[in-house]
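Engineer: I'll drop the sequence and a predicted model, then ask my questions.
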Amino acid sequence: MSASLQSGSSYGHTRARDLGIPFDGRSGVAGAITDVPGVTVGYRTLIAGEGPRAARTGVTAILPRGRAGVGVPCAAAVHSFNGNGELTGRSWIDESGSLSMPIGITSSHAVGAVHTGIDAWVAENAPHVAAQWMLPVVGETWDGYLNDINGAHVRPEDARAALEAASRDAPEEGNVGGGTGMNCYGFKGGTGTASRTVTYGDDEYTIGVLIQANFGAREELRLGGVRIGARSSTPNPMAEDDWLSRERDLRAPGGAGSAIVVIATDAPLLPGQCAALARRGALGLGRSGTAGSHFSGDIVLVFSTANEGALTSTFPDGARAEYETLRLIPWGRIDPFLTAAVQAVDEAVWNALVAARDMTGRDGHTSLALPHDQIRAAVAEMNGL
């Protein structure tokens, strides 16, 4: 499936730029994380049932180097903007500066099932990797308003199905994969993606982003200087219905939820430079207004597919001494890549909001999408029309 940033129809849905939202920077061909060569994305979307056992959830799978590249390290780093969340495998990323396993994103209470499913898939498809050890990266955000989060709806085979579906096509957005039951700024949220290109001498590199957007309070959402969330006339049942007080004798604060941001690039970066990009991911989230709620686990993972063959950590084969080398962008030239990461994260958030559709889930809970006419009106106000 081909895609163009100028045409929402090629994606099969409207995107943020189709509504006139202006974004800085130069996008890749599809405006997606899969613009980074080798990166593949797959989904397993689970929508079933009504009442208290309704499932509105799923799994998103990312293969940094595609199926054939499982076990081949990428320079990587993680930044926890707010740590009320989970990303497995982080200890090894922090220790080694590398990532060599598939990435899964899912519901908060499905991390174990997805982890098990990734292990099983790798054992089947890359047994040489499974023969040593496996530390999959699995992130989560909370979908318990729309989804029966404590039900065993996500199973290991769903993670395997998402991995099997992974392709270079431009990923769908909105109510898909792990983003199926998510909410963002008090509207229906979900999955979004975007990309930027950076020219460096005679070379051109890509920064690609995929986000599972489940963060932000309604009154925080801004488009430029327009307080689009606070002005919206769209009902916000998640905040206004007092559902948690009725069901659990608790009150959910606005902004609870979480975000998992994955930033991929083919630019040659050191692990420490990946960490610098990861920190800028939080700035990308902030452009749409969030201050980062205590109850929102906002975690950013960055990996670079350059320097294939370096940063290895396998069991030694004999006593022969070996060396590895890394090519890198000099620290003094990294600013355009940092800027591109901020821009792409911001656009991915808006793409998730624009692509999302109204959804009714467990116990009749409803989340309403941000109406496109409200976005168009905000764009017109920004332009002084």
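Structural biologist: Looks like it came in fine.

Engineer: can you list the strands that the helix or strand where residue 258 lies pairs with?
Structural biologist: Assigned by DSSP states H and E, residue 258 falls within strand 255-265. For strand 255-265, the paired strands and their directions (DSSP bridges) read strand 203-216 (antiparallel), strand 298-304 (parallel).

Engineer: buried sites along that strand?
Structural biologist: Within strand 255-265, the residues that qualify as buried are 255-265, counting by 16 or more other C-beta atoms under 10 Å. Backbone N, C-alpha and C define where each C-beta goes, glycine included.

Engineer: stretch 161-179 now?
Structural biologist: By neighbour count on 16+ other C-beta under 10 Å, the buried set for stretch 161-179 is 161-163, 165-166, 168-179.

Engineer: surely residue 126 meets residue 70?
Structural biologist: Yes. Between residue 126 and residue 70 a contact is recorded at 4.3 Å, counting by C-beta atoms under 8 Å.

Engineer: pLDDT score assigned to residue 318?
Structural biologist: Looking at residue 318, its pLDDT stands at 73.

Engineer: that one and residue 133, how far apart?
Structural biologist: As judged by C-beta to C-beta, to the nearest Å, residue 318 and residue 133 stand 20 Å apart.

Engineer: now the helices: where do they sit in this protein?
Structural biologist: Assigned by DSSP state H, the chain shows helices spanning 90-96, 111-125, 127-130, 156-164, 228-231, 237-240, 243-248, 271-286, 335-355, 372-382.

Engineer: I'd say residue 153 and residue 147 touch.
Structural biologist: Yes. Counting by C-beta under 8 Å, residue 147 is a contact partner of residue 153 at 7.3 Å.

Engineer: hey, what's in contact with both of these two?
Structural biologist: Taking C-beta atoms under 8 Å, 6 or more residues apart in numbering as the criterion, residue 153 and residue 147 both touch 55, 57.

Engineer: the two - which one has more neighbours?
Structural biologist: Neighbours were counted for residue 153 and for residue 147 using other C-beta atoms under 10 Å; residue 147 has more, 29 against 23.

Engineer: how much space is there between the more buried one and residue 154?
Structural biologist: Separation of residue 147 from residue 154 (C-beta to C-beta) stands at 9 Å.

Engineer: and what of residue 38?
Structural biologist: Using C-beta to C-beta, residue 38 is found at 27 Å from residue 154.
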